[in-house]
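In: compute the structure for the input listed below.
(chains A and B)
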Protein chains: 2
Amino acid sequence: MSDPVHMTSVVQAYIDGFARADAASIAVLYADDATVRDPANSPPITGREAIHAFYARAMDKDIRLTLNGPVRIAGNVAAFAFRIDMKRDGKPATIDAIDTFEFAPDGLITAMHAYWGPTNLQFIQEPK
Amino acid sequence: MSDPVHMTSVVQAYIDGFARADAASIAVLYADDATVRDPANSPPITGREAIHAFYARAMDKDIRLTLNGPVRIAGNVAAFAFRIDMKRDGKPATIDAIDTFEFAPDGLITAMHAYWGPTNLQFIQEPK
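Out: Numbers count the residues shown, from 1 in each chain, chains lettered A, B, ... in the order given. Predicted coordinates:
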């Protein structure tokens, strides 16, 4: 289903799932045999069960996502820019990332790529 | 070459090439056998000569690009969000897009995908 309204709502559900630290609500957005590459140059995580475990681990890091700008839709792919607020080595940090979701005809995500790397990580200076 | 400094400078050269309406300066960022899919769900444009012609046509539309946020780097891929200001059917319009550049070991772009579609096009209301 290449419906921009549906695809945009899935991106919002993804953001909202992080806000609630609800890995299960994110896992169900994916097809059974979906692949996640986060970051995009890492080996794929394959299958909804492994993907669920991946997000459950992410929730432990108290991750929050903030969208930057509108979701871009090209055919069956949604791309979106966002900031991640998290703890890294116990310190508050941000990562600027861009994700792409490729959708299967049934509206589930079949492939996800997360574009970010060491140059996109910044530690936040806390007030003394 | 997966050097984030180089990859970021290529993105800046791409933006700057549009600012100067200089299609040749953009074409040389690409490998001889590179592919461009703009938008990402369109058939690929293949080879530097065809890519040069594609950008030369874009320059006729008086396109300007403004980066939104930092360039994201994952291995040999750079992803970046930006706004396009242009004329569409003679009227001022904007498109919000996200591009990915995949780099060959020699530092040239080997594959470009541009994520945008009809939902990312907005016409700007001009003051009367």
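In: where do the strands sit along chain A?
Out: A:30-37, A:45-46, A:64-74, A:77-88, A:91-103, A:109-115, A:121-123 (DSSP state E).
In: buried stuff in the longest one?
Out: If I follow you right, that is strand A:91-103. A:93-103 (16 or more other C-beta atoms under 10 Å in any protein chain shown). For the C-beta atoms, the positions are set from N, CA and C on the backbone; glycine is no exception.
In: out of these, who's nearest chain B?
Out: Lowest distance from chain B to those (C-beta to the nearest C-beta) belongs to A:Ile98, with 4.2 Å.
In: bridging residues for the closest one?
Out: A:Ala81, A:Tyr115 (DSSP bridges).
In: for chain B, what are the nearby residues on chain A?
Out: A:4, A:8, A:39-41, A:68-70, A:72-81, A:96-98, A:100, A:113-120 (C-beta under 8 Å from any C-beta of the partner chain).
In: and these, which of them are buried?
Out: Looks like those have A:4, A:8, A:39-41, A:69-70, A:72-81, A:96-98, A:100, A:113-117, A:119-120 buried, using 16+ other C-beta under 10 Å.
In: which residues touch A:Arg37?
Out: Counting by C-beta atoms under 8 Å, 6 or more residues apart in numbering or on different chains, A:Arg37 makes contact with A:43-45, A:111-114.
In: mind checking how far it is from A:Ile51?
Out: Using C-beta to C-beta, to the nearest Å, A:Arg37 is found at 11 Å from A:Ile51.
In: for chain A, longest helix please?
Out: The residue-count maximum for a helix in chain A (DSSP state H) belongs to helix A:4-19.
In: so which elements touch it?
Out: With contacts defined as 3 or more C-beta pairs under 8 Å, 6 or more residues apart in numbering or on different chains; DSSP states H and E, the packing partners of helix A:4-19 are helix A:23-27, helix A:48-59, strand A:64-74, strand A:77-88, strand A:91-103.
In: any buried residues in the first one, and which?
Out: This points to helix A:23-27. A:23, A:26-27.
In: so what's the residue lying closest to A:His52 once chain neighbours are set aside up against?
Out: Take A:His52 and drop its neighbours on the chain: the residue closest to it by C-beta to C-beta, 6 or more residues apart in numbering or on different chains is A:Ala27, 3.7 Å away. By C-beta under 8 Å, 6+ apart, A:Ala27 lies in contact with A:48, A:51-52, A:55.
In: now with 10 Å?
Out: Residues near A:Ala27 by C-beta atoms under 10 Å, 6 or more residues apart in numbering or on different chains: A:17, A:34, A:48-56.
In: what's the answer for A:Ala34, then?
Out: Neighbouring residues of A:Ala34 by C-beta under 10 Å, 6+ apart: A:27, A:44-48, A:50-51, A:101-102, A:104, A:108-112.
In: does A:Ala88 touch A:Pro118 like I think?
Out: One thing to correct before we go on: residue A:88 is Arg, not Ala. No: assessed by C-beta atoms under 10 Å, A:Arg88 is found out of contact with A:Pro118, at 11.4 Å.
In: intersection of neighbour lists for these two?
Out: In contact with both A:Arg88 and A:Pro118: A:Ile95, using C-beta under 10 Å, 6+ apart.
In: show the end-to-end separation of stretch A:36-51, please.
Out: 7 Å (C-alpha to C-alpha, to the nearest Å).
In: for that stretch, which positions count as buried?
Out: Of the residues in stretch A:36-51, those buried (16+ other C-beta under 10 Å) are A:36-41, A:44-45, A:47-48, A:51.
In: pLDDT on that stretch, on average?
Out: Mean pLDDT, computed over stretch A:36-51, is 98.
In: over to stretch A:63-70?
Out: Mean predicted lDDT for stretch A:63-70 stands at 95.
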